[in-house]
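Q: Got a predicted structure here, sequence first:
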Amino acid sequence: MSSNRHILTAVAWPYTNGPRHIGHVSGFGVPSDVFSRFQRMSGNHVLMVSGTDEHGTPIQVLADQEGVTARELADHYNRIIAEDLVALGLSYDLFTRTTTGNHYDVVRRLFTTLYENGYVFARTTKGAISPSTGRTLPDRYIEGICPICAYDGARGDQCDNCGNQLDPIDLISPRSKINGETPEFVDSEHFMLDLPAFAGVLGEWLKGKEGDWRPNVLKFSLNLLDDLQPRAVTRDLDWGVPIPLDGWSDNPGKRLYVWFDAVIGYLSASIEWAERTGDPEAWRRWWQQGDAPDSFYFMGKDNIVFHSVIWPAILLGVSGKGDRAGEPGPLGVLDVPTEVVSSEFLTMEGRKFSSSRRVVIYVRDFLERYSADALRYYIMAAGPETQDTDFTWAEFVRRNNDELVAAWGNLVNRSISMAAKNLGAIPEAGELTDEDRRVLDASRTAFDTVGARLERSQFKAGLQEAMRTVAEANKYISEQAPWALKKTDPERMATVLHVALQLVHDANTLLTPFLPESANKVYAMLGGEGSWTGMPRLDTGHDHIGGSAEKVDYPVITGDYAGDAARWESIPIVPGTPLNRPEPLFAKLDPSIVDEELARLEGGAE
C-alpha cells in the first residue's frame, strides 16, 4: 500500500426531507469514514466531502405541508443532519449544502460547458401535473407498475426492484403518492443530457474496472449501458438552481433537476473547502490527473446509477471526452471516479425502513441511548456491505456485550489495570520468550492483513481480522497469567505486561478507523498526549443560500486531522510512560432493552 496519495472520499448527500436514520448512515456514512480514517493513518492526503441535498419538488411539497418555505425547511434539517453526523464521528473535511452561492456557480459552469459542447439539448417532453392543484408532481411522488419488471410500487424516476431508470409516463397505472389521484401529462420543454453520446467511453471505462469494483455494482452499471436514453436535467419547479441560459435564467418556473445539481456537489464542496483553506486552487490536487488522485464514492445501492453512469458522463462531457468531443470547461479536465463503493440496504427487524410508517430509528434517538462507536461497530460487523442485512436489537445487544465489552473492553481494562496498579507506568520488557515473539509478530503482521482489506473497502473482513488480534491478546494474557507472577517472578510479570500493553496499543490502532471515540480513550489510558485521531466539529460557513441576496452563516462540518498521532503501523510503546487508570470503554447492555426497543418500534409503527 502506497502512501502520499491524494484520495477524494465523496460521500452521498443526505436529503433534507427529515433527519437521517441508521439505515441511511450504514450506506453512506460509517463506511466512508472508516475508509478515510484508514487512508489518513496510511499517510495519504484525504479530502472527505459531502453536504445536505436541499433542492427539488419533494422539499417544496413537504415545506407546504409544514407551513414553511423550502429554504426554512432546508435550514432546519441541514442543522439537524450536520449535528447527528458530528455525533457519529464522521470526519468530514467539509460537509456543506447544495444551496450555497458557490454551489450554484459551479453547477452553472458545468451545465454551460455541457451545453456548449453539445451534450445538453432542448426537447419537449411530457410532464406530470396534479389535476386538483395544477402543480408539477415530482417523479418520486408518482408510483405505479414498473413496465420492465412489473413491480407495483416503482417510482417515477427509478424502480427499486429492478434498478432501472424510469420516467413517470413509463409507469403503468401511475398514481400520486400525495393524494392517490391519476396525474395528467402535459407538454413541457426541458433540457436533456445526451447519455447515449457517452455509451462508448463509459463502457470502455467500466470494463476496465473488472476485479476492482464490487461485482454487484459493476454488473448493474454495465447493464445500464444497454439502453441509455437522454435524461432530463431540468424540471418545472421554482426551488432549485436557475438555468444559466438567456431566456431561461429568469424563468421562475424552470430549474435544474435536483439529481443533476446534487452530484456536482462533490466538486463544489471541494472548491468551497479550498477557499476555506486560503488556497483556492487546492481542490485540483484531488480532481485532476496531473496529481494522480484517486476518488472513491460511497452510497447506498439506490444511488449507483447517478454515480457510475450519470456523474461520470457529466465529468466526461465537461472535459470534452464524449462522442462529440468538445473543449474542456473553465475548470479544466476532471477525473471520473476510481471506484463506486455501494452498500446494499439495511432493514430493521425484518421490515424496510420507512419514516412515513415510523418503522425507523433516527441517528439522534439512537445516540441518546447508546454510544456512537457501538453503532459504528454493528454497522461494520453486521451491516449491508454486499447484501441486504437485517438490524435486530437482539444482535446489537449480543455484539455489544460479547465483542465490545467482553472481548475488547476486557482486554483494555485488565491489561492497563494490572500494569497501572502494580507498576504505575509502562514497564521495560525483559528477555522475550518464543510465545512473546510469536504474539508480537502476529500483531505486527495484522496491519498488512487488515490494511489490505480496508484498501479494498472490505470493511467487514477487516474488522474480523482486527478482532482476531484482540482474541489472540486475551488468550495470551490468560495463558501467561501475570497476576500469578507478582510474587514468584516480578520481572517476568513486567515483561508479560509490557507485551500485553503493546498488543493493546496495536489492537487500538487497528480498531481506530472503526471506533475513533474509544480509540482516543485507550490512547489516553496508555499515557498518550495530544490528538490520537481527530474528531469532527461544527463550524460556520458564510455564503448566499438558496439564491438569497445577502450572505448568511450556515453550519458546516470540518475538522483538524493532519496532526493526528495515529499511524497505520505497530508503534512501539515507551517504557516509563505513566499509565492512567482505565475506565470502561463500553457499557454492558441489559438484555431487557430488546423488549423495550421492540415495544417502542411497535408503538411508533401504529
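A: Now that the structure is in, tell me what you want to look at.
Q: after the helix or strand containing Asp553, next one along is what?
A: Using DSSP states H and E, Asp553 sits within strand 551-558. Later in the chain than strand 551-558, the nearest helix or strand by DSSP H and E is helix 592-605.
Q: Tell me the buried residues in that following helix?
A: Ile593, Val594, Glu597, Leu601 (16 or more other C-beta atoms under 10 Å). All C-beta atoms are positioned from the backbone trio N, CA, C, and that covers glycine.
Q: neighbouring contacts of that helix?
A: Met348, Glu349, Arg357, Arg358, Val359, Val360, Ile361, Trp393, Ala394, Val397 (C-beta atoms under 8 Å, 6 or more residues apart in numbering).
Q: before we move on, what about stretch 162-174?
A: Here stretch 162-174 has contacts from 125-126, 128, 137, 139, 142-149, 151, 154-159, 182-183, 185, 220, 224, 229, 231-232, 301, 304-305, using C-beta under 8 Å, 6+ apart.
Q: buried subset of these?
A: 125, 128, 137, 139, 142-146, 148, 154-159, 183, 185, 220, 224, 231-232, 301, 304-305.
Q: Sort out for me which of these are in strands.
A: Thr125, Ala128, Ile142, Glu143, Gly144, Ile145, Ala154, Arg155, Phe185, Arg231, Ala232 (DSSP state E).
Q: For the first one, give me its contacts.
A: Spelled out, it's Thr125. Per C-beta under 8 Å, 6+ apart, neighbours of Thr125: Asp167, Asp187, Ser188, Glu189, His190, Met192, Ala232.
Q: picking that back up, and the contacts of helix 592-605 as a markdown table, adding distance to Ala420?
A: Listed next are those as a markdown table, based on distance: C-beta to C-beta, whole Å:
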| residue | distance to Ala420 |
| --- | --- |
| Met348 | 42 |
| Glu349 | 42 |
| Arg357 | 51 |
| Arg358 | 47 |
| Val359 | 46 |
| Val360 | 43 |
| Ile361 | 38 |
| Trp393 | 35 |
| Ala394 | 36 |
| Val397 | 30 |
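Q: Next, give me the two most distant ones among the residues you listed.
A: Farthest-apart pair in the contacts of helix 592-605 is Arg357 and Val397; separation 24.4 Å (C-beta to C-beta).
Q: Pick out whichever of these two has more residues nearby.
A: Per other C-beta atoms under 10 Å, whichever of Arg357 and Val397 has more neighbours is Val397, with 21 against 12.
Q: Quick check, pLDDT for the more buried one.
A: Here the pLDDT value assigned to Val397 is 98.
Q: Return the set of buried residues in stretch 238-258.
A: By 16+ other C-beta under 10 Å, the buried positions in stretch 238-258 come out as Trp239, Gly240, Val241, Pro242, Ile243, Pro244, Lys254, Arg255, Leu256, Tyr257, Val258.
Q: what's the answer for stretch 383-398, then?
A: Residues Gly383, Pro384, Glu385, Thr389, Phe391, Thr392, Trp393, Phe396, Val397, Arg398 are the ones in stretch 383-398 that count as buried (16+ other C-beta under 10 Å).
Q: same thing with stretch 415-435?
A: Ser415, Ile416, Met418, Ala419, Ala420, Leu423, Ile426, Pro427, Ala429.
Q: likewise stretch 317-330?
A: Across stretch 317-330, burial judged by 16+ other C-beta under 10 Å covers Gly317, Val318, Ser319, Gly320, Lys321, Gly322, Gly326, Gly329.
Q: and that stretch, average pLDDT?
A: 94.
Q: And stretch 231-241, by the same measure?
A: On average, the pLDDT along stretch 231-241 is 91.
Q: now it, how far from the centre of its chain.
A: Centre-to-centre, stretch 231-241 and its host chain are 26 Å apart (C-alpha atoms, centre = their mean, to the nearest Å).
Q: and for it, what are the contacting residues?
A: By C-beta under 8 Å, 6+ apart, the residues outside stretch 231-241 that reach it are 55-57, 59-60, 70, 103-104, 107-108, 111, 120, 125, 127, 136, 138, 165, 167, 188, 190-193, 195, 243, 252-258, 260-261, 310, 546.
Q: same thing but 7 Å
A: 55-57, 59-60, 70, 104, 107-108, 120, 125, 127, 136, 165, 188, 190-193, 195, 243, 252-258, 260-261, 310 (C-beta atoms under 7 Å, 6 or more residues apart in numbering).
Q: Restricted to strands, list those residues.
A: Assignment to strands by DSSP E places the following of the contacts of stretch 231-241 there: Val120, Thr125, Gly127, Ser188, His190, Phe191, Met192, Leu193, Lys254, Arg255, Leu256.
Q: Could you grab the helix/strand/coil label for Phe95?
A: Three-state call for Phe95 (DSSP: H, G, I helix; E, B strand; the rest coil): strand.
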